[in-house]
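A.B. asks: what shape does this take:
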Amino acid sequence: MSMFRASPRDVAAWLEQNRVEHVVLRYGPRTLDTRVGDVDLLMDDRAIAALKTAFRGRRSGTKIDVYGIEGLHGSDYHGFPHLPERLGRQILARRRRVAGVWVPHPLDELNGLLYHLAYHKSVQSGVHASDPARSAPTQGTERLAALQTECGIAVTCTLEGFHRHLESCGLAVSEARLVAYIEHDFRHGRKSLFHALLQNRHPGELNLFVIRAVALKYGKSEALIERLGERYRIVSVKATDRWTRLTRSGRMRGGKWRRGGRPRIAVVVFDPAPVPTTAEEREVHPFVFNRNQFVKVEWRDWFCRETAARDKDNPIHSTDNEAEALGHLPLFFSAEEREQIRRSLPALRAEASR
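C.D. replies: Residues are numbered from 1 along each chain as shown. Model (predicted):
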């Protein structure tokens, strides 16, 4: 997004004076009040550069977040337009004026807010993935209720309900966008069960294992890679350098590496035949969807029998699911390497679905 600080009224006046098509997203009665925390604008990309220039250097005022229909001129949201381009264009085409402010048509506002809560703010929204009784009442859900009444539409107040509605409208999140949102949440320490469930819809499962220092100490790293290859399709293997181990591994596994040491080798695998976890297993490990991941326990027992390592030493660790693996990839793999891994997925999934 493109961000700056200014008086919302001054920005609105500039937009009107220059005849720039725009709307205030997530509209509220105090939108142009200087006491609001921030204002989200959706506007014609062509005017973004001029708007930023006009308000450059302001140090005080309300935070203005600017999003373009196409996400140009720095107005993107993690590399993509803030909303699906078709919805963004429709919002501008059907905008209406309320109390001197350009706002979306109620149906467009409803769809935009559903998209924002389900995909951008899955964790922060307070909306439960599947149980409406566990969804917290918030300003967002209150606004959704009002919009549903106005539009005569009923959407279940769960993230899955939001997704089903958006899917029926052709506005569901694409996988490329979802991966960008997963990576962003991971960078900020957020773990979304709903995002993980969405990513789990595909045939097979991508996952990430890391072989720890104790395995190299006792000469078992190659044997572990062989065992991974017997059970999974190995997609990529990469040794971690000292800088990565010291600076990035603290963001995996809560930085708890005492019993086995830090990651020394990262191994990306693909399981073409995941076995769903049982209800009992999900009670203990709610983010693990594939019980084949529990083979780590067997491997740890084997490792301790075969070496002089302590019983509590763990030679290998893995992420819980595909979404978590994708979120962790930037710790060990460059942007080019990650893109190569993602490019391999369609063929692996096609093979798994046969």
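
A.B. asks: give me the helix or strand of this structure that scores worst on average pLDDT.
C.D. replies: Least confident helix or strand of the chain, by mean pLDDT, DSSP states H and E, is strand 2-6 with a mean of 82.

A.B. asks: buried residues, that strand. List them.
C.D. replies: 2, 4, 6 (16 or more other CB atoms under 10 Å). All C-beta atoms are positioned from the backbone trio N, CA, C, and that covers glycine.

A.B. asks: same check, this time on stretch 337-349
C.D. replies: Buried, per 16+ other CB under 10 Å, within stretch 337-349: 338, 341, 344, 345, 348, 349.

A.B. asks: again, but for stretch 328-339
C.D. replies: 328, 329, 330, 331, 332, 333, 338.

A.B. asks: among those, name the ones in helices.
C.D. replies: Cross-referencing the buried residues of stretch 328-339 against helices under DSSP state H gives 328, 329, 330, 331, 332, 338.

A.B. asks: can you put those in TSV and add pLDDT and distance to residue 194?
C.D. replies: Output for these, formatted as TSV (pLDDT from 0 to 100; distance: CB to CB, whole Å):
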residue	pLDDT	distance to residue 194
328	97	18
329	97	20
330	96	21
331	96	23
332	97	25
338	97	22
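
A.B. asks: re earlier: who does the least confident helix or strand of the chain pair up with?
C.D. replies: Using DSSP bridges, strand 2-6 pairs in its sheet with strand 62-68 (antiparallel).

A.B. asks: and the strand it pairs with, average pLDDT?
C.D. replies: Averaging pLDDT along strand 62-68 yields 92.

A.B. asks: list the helices and strands the helix or strand following that strand packs on?
C.D. replies: The first helix or strand that comes after strand 62-68 along the chain, using DSSP states H and E, is helix 85-93. When contacts are defined as 3 or more CB pairs under 8 Å, 6 or more residues apart in numbering; DSSP states H and E, helix 85-93 sits against strand 22-25, strand 38-43, helix 106-115.

A.B. asks: if we go to 6 Å?
C.D. replies: helix 106-115 (3 or more CB pairs under 6 Å, 6 or more residues apart in numbering; DSSP states H and E).

A.B. asks: tilt between the helix it packs on and strand 38-43?
C.D. replies: Helix 106-115 runs at 120 degrees relative to strand 38-43, counting by axes from the mean of the first three to the mean of the last three CA atoms, to 10 degrees.

A.B. asks: strands of the protein, start to end?
C.D. replies: Assigned by DSSP state E, the strands in the chain fall at 2-6, 22-25, 38-43, 62-68, 96-98, 101-103, 205-212, 233-239, 263-271, 316-318.

A.B. asks: what's the closest of these to residue 132?
C.D. replies: Closest approach to residue 132 among the strands of the chain (CB to CB): strand 22-25, 24.6 Å.
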